[in-house]
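Enquirer: need the 3D shape of this:
(2 chains)
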Amino acid sequence: MSLFGEVPQATPVAVFKLSNDFKEDANPKKVNLGVGAYRTDEGQPWVLPVVKKVEKIIVADNSLNHEYLAILGLPEFRSSASKIALGEDSPAIQENRVGAVQCLGGTGALKMGAEFLRRWYNGNDNTKTPVYVSAPTWENHNAVFSNAGFEDIRPYKYWDAEKRGLDLDGFLGDLESAPKHSIFVLHACAHNPTGTDPTHVEWMQVAEVMKRRKLFVFFDSAYQGFASGCLDKDAWAVRYFVTQGFEMFCAQSFSKNFGLYNERVGNLTIVARDSDNLKRVLSQMEKIVRVTWSNPPSQGARLVAITLNTPELFAEWKDNVKTMADRVLLMRASLQAKLQALETPGTWDHITQQIGMFSFTGLNPKQVEYMIKERSIYLMASGRINMCGLTTKNIDYVAESIHETVVNVQ
Amino acid sequence: MALLKSSKIISTVGVHPPLGVLSIRASSWWSEVQMGPPDPILGVSEAYKRDTNSKKINLGVGAYRDDQGKPYVLSCVRKAEAQIAAKKLDKEYLAIGGLGDFTKACAKLALGDDNEVIKSGRNITVQTISGTGSLRIGANFLSRFHTEARDVYLPKPSWGNHTPIFKDAGMQLKAYTYYDPKTCGFDFQGALNDISKIPEKSVIMLHACAHNPTGVDPRPEQWKEIADLVKKRNLLVFFDMAYQGFASGDIDRDAWAVRYFIEQGHNIVLSQSFAKNMGLYGERVGGFTVVCKDAEEANRVESQLKILIRPIYSNPPMNGARIAATILNTPDLYKEWLGEVHGMANRIITMRELLVANLKKEGSTRNWKHVIDQIGMFCFTGLKPEQVERLTKEFSVYMTKDGRISMAGVTSGNVGYLAQGIHAVTK
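Expert: Numbers count the residues shown, from 1 in each chain, chains lettered A, B, ... in the order given. Now for the predicted structure:
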């Protein structure tokens, strides 16, 4: 008799299953438009040149060791990472009311923020406080918040499938009708999975409602720099909300913009009313960290800290980021042009209007299945494609496949 | 309520916010957030750092130090790092369960190369964020799937972080007698008595070797009786092995209890850490193993562990696991590692002997045999909180209030001064 006899087989995480199926496909023309990781035009992972440089620096430095970091992480990483999000001259930073927790990737940052909010946000037990995530959103958002104890996770209108753009009225409507103090998870830029971001004016409208209705701002910033190629541009929304006086969280990931996926480099930036509130918040964050992972991994944070704090390396990094963003923009333009040339039914402007790694093609589940089964082109059931999976060598095949699919499968 | 209270804050903060923002600034979401108490263990290091006494000694956190009192990066680690750097690997996400080369080697290290469990594929081992991360995943797993019992029985005393980890995961904490303050040794009868009363199916936590904080381990014959009793009581065994190799200097000897229990048919869960034995502290290298009935069950358990891990941190960090895997899987690095672990354990043992010799030299008539009998990084001196306080205030010797000292902080250079201080507060 086993204690675990009743443990059921869990369904595999969709995005990883997709990668698995792709691996096992023998078709030489196969294309993986699934997992969100950058690929070069040769379809290869790319270790940023600046990262290689800094790794050598670290290896050569005999004064470095593998001792524990502090519970909240490497101080020079935390402060420089927050500066990246909020801007070097952020008044909030100057007013000493910005703090941070080094976490395991963007996921870890969301997790820490969620755990804190559940315990401390609005009274001591926020299990019933509604948490709103966009419809659709990154598929792990739901699990992060529900595992942190939130029982009421709701969608807010975001993607308008018909017009293939932002459902602003729906979004604002959900903000107006959400119970006061509800928590909203906002994508700072390069919305995952739709690639559709609010404009500045639209963000201002969102902020106005959130301020008036006392809703909590929790930004998820996984693609800063990666969306437009410019760090400041991609941080506009986060910084705007700071100027509006919000106390807020911003979960930052350096997986994509530094290409440090497996080193798990993340930062939860906390903007508080003042330094006293900040101090108490950080002390409670320590307790949560201590029962989850004690202290975070040092390698990736060290790497990012050295890069951000060394002017020539910082400049080189920004350049590397622009290289990645530019390639994505080029693939967007190419794909759209090819679909137009093929006269594929439907409009395809959304491909160039959307931003970041992902595009919501608009393909329905049946069409997605056709793409996978008949063309060995792997994408998420939602119709989401990773633009990084496109290369100059496979883009014709992909364009033709989309065309064939749209024409033959409804 | 919170909003009204905190409206006073604005006058004390010398800040002049722009007019439009004034009304929002008068309140904070966090006014009711209490200041968290400092971590009892990590807080010791922080207090030590602030002390300006040149003779200060840090006997708080359990991180190994060489005889100069410096952190020690193992030579096999540096070699592994050089090998890895030369390979120019990419940085793609690991699988949720971690690096396969690491998890396989991790299980082999604990269970032995030829273990039937590994051969039959009935264990699932996932890479975790060092020992803490492993315990947390384990606690979450038991909380979700071990629904017949909520109670986790810890030895009295246990590592300070065990309780909050299991509590936060939704389990309830109980204790069984373990340490005998009269002998500064193992209260074997007391343990057996308490264990015999533990309700069936409860979880019992056992420290595989080098018990933290006492340094008191059961002898093999005692382990055998415990294993027998635990089987009779039908308890779920959770082994915490944070010091394999570090206790006796021999990795097989230190894993003996774990292997014995499995041999006796206990399907255990096991946490491993490579923080101390490979000196990989900040790289966060650990493993969590569930020994299942068969490979099919291991598959189901694995799928559920992934579901637990994904919403916490998605997948684990590569760097440390890659280093550990390289060492474990490269014969001459592995050999070198065994030598270095042996060296670290030996230095600790030597310091124990030196401390006792110095205490005798100081004229102490107390029985300090337990300092040598205890094993691993920690020593439960038997000092009372008031004595600890004096030791810290008057001699700048930093340790936890329970009388625990980290032997790794003792050097041939400071052992004399330490003996002086301990004698002064205990004579």
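Enquirer: my read: A:Glu139 touches A:Ala14, true?
Expert: Yes. Using CB atoms under 8 Å as the test, A:Glu139 is close enough to A:Ala14 to be in contact (6.7 Å). C-beta: built from backbone N, CA, C; applies to glycine.
Enquirer: quick one: which of those two has more around it?
Expert: A:Glu139 (16 against 12; other CB atoms under 10 Å in any protein chain shown).
Enquirer: mark out where each domain of chain B begins and ends.
Expert: Per the record, chain B has its domains at B:40-72+B:345-425, B:93-329, by the TED database.
Enquirer: which residues touch A:Gly5?
Expert: Contact analysis of A:Gly5 by CB atoms under 8 Å, 6 or more residues apart in numbering or on different chains lists B:Lys293, B:Glu297.
Enquirer: three-state assignment of it?
Expert: Following DSSP: H, G, I helix; E, B strand; the rest coil, A:Gly5 is assigned to coil.
Enquirer: and the pLDDT at it?
Expert: Per-residue pLDDT puts A:Gly5 at 70.
Enquirer: now the one 5 residues further on
Expert: In the predicted model, A:Ala10 carries a pLDDT score of 74.
Enquirer: distance of it from chain B?
Expert: Remark: distance between A:Ala10 and chain B (CB to the nearest CB, to the nearest Å) = 4 Å.
Enquirer: helix, strand, or coil at the residue lying closest to that residue once chain neighbours are set aside?
Expert: Nearest-residue entry for A:Ala10: B:Ser303, 4.0 Å, with adjacent residues in sequence omitted and distances by CB to CB, 6 or more residues apart in numbering or on different chains. Secondary structure assignment for B:Ser303 (three-state DSSP): helix.
Enquirer: quick one: residues in contact with stretch A:402-410.
Expert: Residues outside stretch A:402-410 that contact it (CB under 8 Å, 6+ apart): A:339, A:342, A:344-346, A:361, A:363, A:366-367, A:370-371, A:374-375.
Enquirer: check those residues and tell me the two furthest apart.
Expert: Spatial extent of the contacts of stretch A:402-410 (CB to CB) is set by the pair A:Leu342 and A:Lys366 at 20.2 Å.
Enquirer: up against chain B, what does the stretch 251-400 of chain A have?
Expert: Contact residues (CB under 8 Å from any CB of the partner chain) of the stretch 251-400 of chain A with chain B: A:255, A:259-264, A:272-281, A:283-284, A:286-287, A:290-300.
Enquirer: list buried residues within these.
Expert: Among those, those classed as buried by neighbour count (16 or more other CB atoms under 10 Å in any protein chain shown) are A:255, A:259-264, A:272-274, A:276-281, A:283-284, A:286-287, A:290-300.
Enquirer: for A:Leu342 and A:Lys366, indicate the residue with more neighbours.
Expert: Using other CB under 10 Å as the criterion, A:Leu342 and A:Lys366 rank with A:Leu342 on top: 17 against 11.
Enquirer: that one reaches A:Ser401, doesn't it?
Expert: No. The pair A:Leu342 and A:Ser401 fails to qualify as a contact (CB under 8 Å) at a distance of 10.6 Å.
Enquirer: let's check: the centremost residue of chain B is which one?
Expert: Centroid-nearest residue in chain B: B:Ala242, 4.9 Å away (criterion: CA atoms, centre = their mean).
Enquirer: need the pLDDT of that one.
Expert: 97.
Enquirer: what do you get for A:Ile183?
Expert: Looking at A:Ile183, its pLDDT reads 98.
Enquirer: same question for B:Arg366.
Expert: With respect to pLDDT, B:Arg366 has a value of 95.
Enquirer: what about it, which SS state?
Expert: Secondary structure state of B:Arg366, per three-state DSSP, is coil.
Enquirer: count the neighbours of it for me.
Expert: 12.
Enquirer: distance of it from B:Leu355?
Expert: B:Arg366 sits 12 Å away from B:Leu355, going by CB to CB, to the nearest Å.
Enquirer: output stretch A:48-60 as PDB, nothing but the C-alphas.
Expert: The C-alpha trace of stretch A:48-60 is given here as PDB (Å, rounded to 0.1, in the frame of the first residue of the first chain):
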ATOM      1  CA  LEU A  48      24.600  37.900 -25.500                       C
ATOM      2  CA  PRO A  49      28.100  39.000 -26.200                       C
ATOM      3  CA  VAL A  50      28.100  41.200 -23.200                       C
ATOM      4  CA  VAL A  51      27.100  38.200 -21.000                       C
ATOM      5  CA  LYS A  52      30.000  36.200 -22.300                       C
ATOM      6  CA  LYS A  53      32.300  39.100 -21.500                       C
ATOM      7  CA  VAL A  54      31.000  39.500 -18.000                       C
ATOM      8  CA  GLU A  55      31.200  35.700 -17.300                       C
ATOM      9  CA  LYS A  56      34.900  35.800 -18.100                       C
ATOM     10  CA  ILE A  57      35.300  38.700 -15.700                       C
ATOM     11  CA  ILE A  58      33.600  36.800 -13.000                       C
ATOM     12  CA  VAL A  59      35.600  33.600 -13.600                       C
ATOM     13  CA  ALA A  60      38.900  35.600 -13.500                       C
END
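Enquirer: from the chain's centroid, how far away is that stretch?
Expert: Relative to its parent chain, stretch A:48-60 has a centroid offset of 25 Å by CA atoms, centre = their mean, to the nearest Å.
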